[in-house]
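J.: just need the structure, nothing else, for what follows:
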Amino acid sequence: MFPLRDENPTVRKPVATMVLIGANAVCWMLLQGFGTDPSLAESLCYYALIPGDLFGNVLPGETIRVSETRACVLDGTANPSTLLTSMFMHGGWFHILGNMWFLWVFGDNVEDAMGPFRFVAFYVLCGLAAAFAQIATDPSSPVPMVGASGAIGGVMGAYALLYPRAHVHTFVFLGFYMTTIAVPAVFMLGYWFLIQLVSGLPTLGQSGGGVAFWAHIGGFAAGLALVLLFRRPEYVAAHRAQAERRVSRHRWM
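T.: Now for the predicted structure:
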């Protein structure tokens, strides 16, 4: 299931969402050379999060191959800044385009409920929570981690809690059968979370490359929790008033 758009209008222009998408695009262009060598490989060495390196669980001088022709040589010095920089790095065109599309579909409404500055802080905290969730599965892993998926997972968790009934138009691919359907956000995002959980369980304790499922899970869970702190009081009051009006209307009917 791939989201195409949602039926959920916004009140304000999603400035922060657009800035975050722009920042990822600039990093992809200037630091990663649109995914070409040697820029992509070098960006993984300098800006990716390597759990084993962060916690000193790899030996200085150890090499990590990041492409067919290039490898990172670890110096044994932890670099905590990669917890942040890794959120703006990606491994390929499908990786960044998919992430940015999900952020665009779900980010505007979550930003609407928080305001731009709160939304950026929320996004970063979800990204950090996602990184630590993935690290917890294998703190000695030498595999570089990159991508905004964990932070965007947090945005999706917030969206599911804030707008569970909002309809999301989704592309469904089942073998040779393709169609689009509109489903409640809680169903689409709940299904996405279940897929991450089922896919992540077999990877516990493994250091192989691939999708960082536990980053997705950790980000989503952080979003569910943090949205309660970051949503604006006036948003809560407005939705409480709407709920009261609906109850009153049903009583009269």
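J.: just the C-alpha atoms of stretch 167-180, please, in CSV.
T.: Provided in CSV are the C-alpha atoms of stretch 167-180 (Å, rounded to 0.1, in the frame of the first residue of the first chain):
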residue,chain,number,x,y,z
HIS,A,167,-9.2,9.1,4.4
VAL,A,168,-5.9,8.3,2.6
HIS,A,169,-6.1,7.5,-1.1
THR,A,170,-3.7,4.5,-1.5
PHE,A,171,-2.2,2.6,-4.4
VAL,A,172,-2.6,-1.1,-3.9
PHE,A,173,-0.5,-3.6,-5.9
LEU,A,174,-1.4,-7.3,-5.6
GLY,A,175,0.5,-9.2,-8.2
PHE,A,176,-0.9,-8.3,-11.6
TYR,A,177,-3.9,-6.4,-10.0
MET,A,178,-3.5,-2.7,-9.3
THR,A,179,-6.0,-0.3,-8.0
THR,A,180,-6.5,2.7,-5.7
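J.: only the buried residues of it, if you could.
T.: Under the neighbour-count criterion of 16 or more other C-beta atoms under 10 Å, stretch 167-180 has 167-168, 170 buried. Backbone N, C-alpha and C define where each C-beta goes, glycine included.
J.: and Y159, how many residues sit next to it?
T.: Applying other C-beta atoms under 10 Å, we find 27 residues neighbouring Y159.
J.: and the one 4 residues further on, by the same measure?
T.: Under the neighbour criterion other C-beta under 10 Å, Y163 is assigned a count of 23.
J.: report the contact partners of it.
T.: Y163 is in contact with 6, 8, 109, 185, counting by C-beta atoms under 8 Å, 6 or more residues apart in numbering.
J.: neighbour-wise, which of those leads?
T.: Highest count within the contacts of Y163 by other C-beta under 10 Å belongs to A185, 25 neighbours.
J.: and it, how close does it get to F213?
T.: Here A185 is placed at a distance of 21 Å from F213 (C-beta to C-beta, to the nearest Å).
J.: can you show me the helices along the stretch 51-200 of the chain?
T.: Under the criterion DSSP state H, counting those that start in this stretch, the stretch 51-200 of the chain contains helices at 51-54, 82-85, 93-114, 116-137, 149-162, 185-200.
J.: so which of those is the most packed in?
T.: With neighbours defined as mean count of other C-beta atoms under 10 Å, those peak in mean count at helix 149-162, which reaches a mean of 27.
J.: could you work out the most separated pair of the contacts of Y163?
T.: N109 and A185 (9.3 Å; C-beta to C-beta).
J.: overlap in contacts of the two?
T.: Common neighbours of N109 and A185 (C-beta under 8 Å, 6+ apart) are 6, 8, 159, 163, 166.
J.: what's the closest of these to G223?
T.: Out of the shared contacts of N109 and A185, the member with the shortest distance to G223 (by C-beta to C-beta) is Y159, at 8.0 Å.
J.: list the contacts of the closest one.
T.: 106, 109-110, 166, 185, 189.
J.: how near is it to G150?
T.: 15 Å.
J.: so where's the chain shaky on pLDDT?
T.: 205-209, 236-253 (pLDDT under 70).
J.: redo that, cut-off 80
T.: Across the chain, the ranges flagged by pLDDT under 80 are 1, 57-61, 68, 75-78, 175-176, 203-210, 234-253.
J.: only the buried residues of stretch 68-81, if you could.
T.: Buried, per 16+ other C-beta under 10 Å, within stretch 68-81: 70, 72, 74.
J.: isn't the last one up against D53?
T.: Pointing back at L74 there. Yes - counting by C-beta atoms under 8 Å, D53 is a contact partner of L74 at 5.2 Å.
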